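1. what follows is a protein structure lacking sequence information:
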């Protein structure tokens, strides 16, 4: 495996972890963030199989990504209602899944668990804000006992709101998986400027590109890396400036041959810039 800082990575699905690890290796990439596999993959026998394939392929899972049944990203209103931990009706069940996933990550020796927790309210006195603080404190404490950090995905709120939230949760193992494109897709501010605010909390990044929404209430559009408005060269330079040395994890949220083509182009671009 490479010795230099900022290894190239990619996001992969967890439905078949073995196929995902083989795919990462086939593209000449050495790290990945993987979505939490279904329960059938969490038996002792299959855990050992995943660990063996990781070793054989020399591919490291740098983070496991939590996701939840019923999440939809159709538009902003739907996202607020269905994504993450904001909705009190689904919160308890989803927290149980995160804690279970932390145990699975421990067995896989993965040190980071991450998730979109949903839109964080800007008002500290908001009942949902207070509820999220207590919920994430519980998650972070559980992860700490398992030797892990818990990373919040950026983008659905402004950088200063997220920084305020992290300060209020006040847990040393709580950090950020910084996705610059999400800042644009949700029209939540300038991603480069956001790194000035959140830099000390960044423990992982997505290398993804996009443009702002054309109409209020909608999401912006994702683009291949280097073709959107993130300015990936400035992004990498800013990561170096804040002292980030972790993986550069490519995320391209499409499927098929076009996804593979775009990932390989992104890999080539990042190898030049890192």
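-> All right, it came through fine. This one's a predicted model, so the numbers in the text were calculated from it and none came from an experiment.
2. going by neighbour count, which residues in stretch 83-99 are buried?
-> Residues of stretch 83-99 classed as buried: 83, 84, 85, 86, 87, 90, 91, 94, 95, 98 (neighbour count, 16 or more other CB atoms under 10 Å). The C-beta positions use only the backbone N, C-alpha and C, and glycine is treated the same way.
3. quick one: residues contacting the fifth one.
-> Taking CB atoms under 8 Å, 6 or more residues apart in numbering as the criterion, residue 87 is in contact with 81, 118.
4. now the phi/psi pair for it, please.
-> Main-chain torsions, residue 87, degrees, to the nearest 10: phi -70, psi 120.
5. which pLDDT does the model give it?
-> In this prediction, residue 87 carries a pLDDT score of 93.
6. any chance you could map the strands in this protein?
-> In the chain, the strands defined using DSSP state E lie at 8-12, 31-35, 60-65, 112-115, 149-153, 174-178, 202-207, 209-211, 221-223, 248-250.
7. so which of the buried residues of stretch 83-99 are in helices?
-> Within the buried residues of stretch 83-99, residues falling in helices by DSSP state H are 90, 91, 94, 95, 98.
8. circling back: as CSV, the strands of the chain with mean pLDDT and distance to residue 143 would be great.
-> Shown next, in CSV, are the strands of the chain (pLDDT from 0 to 100; distance: least, CB to CB, whole Å):
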stretch, mean pLDDT, distance to residue 143
strand 8-12, 98, 20
strand 31-35, 98, 16
strand 60-65, 98, 11
strand 112-115, 97, 6
strand 149-153, 97, 5
strand 174-178, 98, 9
strand 202-207, 98, 12
strand 209-211, 98, 29
strand 221-223, 97, 29
strand 248-250, 98, 19
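9. could those strands go into JSON lines alongside mean neighbour count?
-> JSON lines is the format used below for the strands of the chain (neighbours: other CB atoms under 10 Å):
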{"stretch": "strand 8-12", "mean neighbour count": "25"}
{"stretch": "strand 31-35", "mean neighbour count": "22"}
{"stretch": "strand 60-65", "mean neighbour count": "23"}
{"stretch": "strand 112-115", "mean neighbour count": "24"}
{"stretch": "strand 149-153", "mean neighbour count": "24"}
{"stretch": "strand 174-178", "mean neighbour count": "25"}
{"stretch": "strand 202-207", "mean neighbour count": "24"}
{"stretch": "strand 209-211", "mean neighbour count": "23"}
{"stretch": "strand 221-223", "mean neighbour count": "18"}
{"stretch": "strand 248-250", "mean neighbour count": "26"}
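10. adding distance to residue 44, write the ones you listed out as TSV.
-> Listed next are the strands of the chain as TSV, based on distance: least, CB to CB, whole Å:
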stretch	distance to residue 44
strand 8-12	22
strand 31-35	19
strand 60-65	17
strand 112-115	20
strand 149-153	25
strand 174-178	29
strand 202-207	28
strand 209-211	40
strand 221-223	38
strand 248-250	28
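11. returning to what we had before: ok, so of the buried residues of stretch 83-99, who is nearest residue 253?
-> Within the buried residues of stretch 83-99, proximity to residue 253 (CB to CB) peaks at residue 83, which comes in at 14.3 Å.
12. would you mind confirming that that closest one makes contact with residue 120?
-> No: here residue 83 does not reach residue 120: they are 11.8 Å apart, not a contact under CB atoms under 8 Å.
13. overlap of the contact sets of these two?
-> By the contact definition CB under 8 Å, 6+ apart, residue 83 and residue 120 are jointly contacted by residue 156.
14. now tell me what touches the helix-or-strand element of the chain with minimal mean pLDDT from outside.
-> Ranking every helix and strand in the chain by mean pLDDT, DSSP states H and E puts helix 76-82 at the bottom, with a mean of 92. Helix 76-82 is contacted by residues 70-73, 86-87, 118-119, 156, 186, 217-219 when judged by CB under 8 Å, 6+ apart.
15. let's see that with 6 Å instead.
-> Outside of helix 76-82, the residues that reach it under the criterion CB atoms under 6 Å, 6 or more residues apart in numbering are 70, 71, 72, 73, 119, 217.
16. can you tell me which of those residues has the most neighbours?
-> Neighbours here mean other CB atoms under 10 Å. Within the contacts of helix 76-82, the largest count is held by residue 119, at 21 neighbours.
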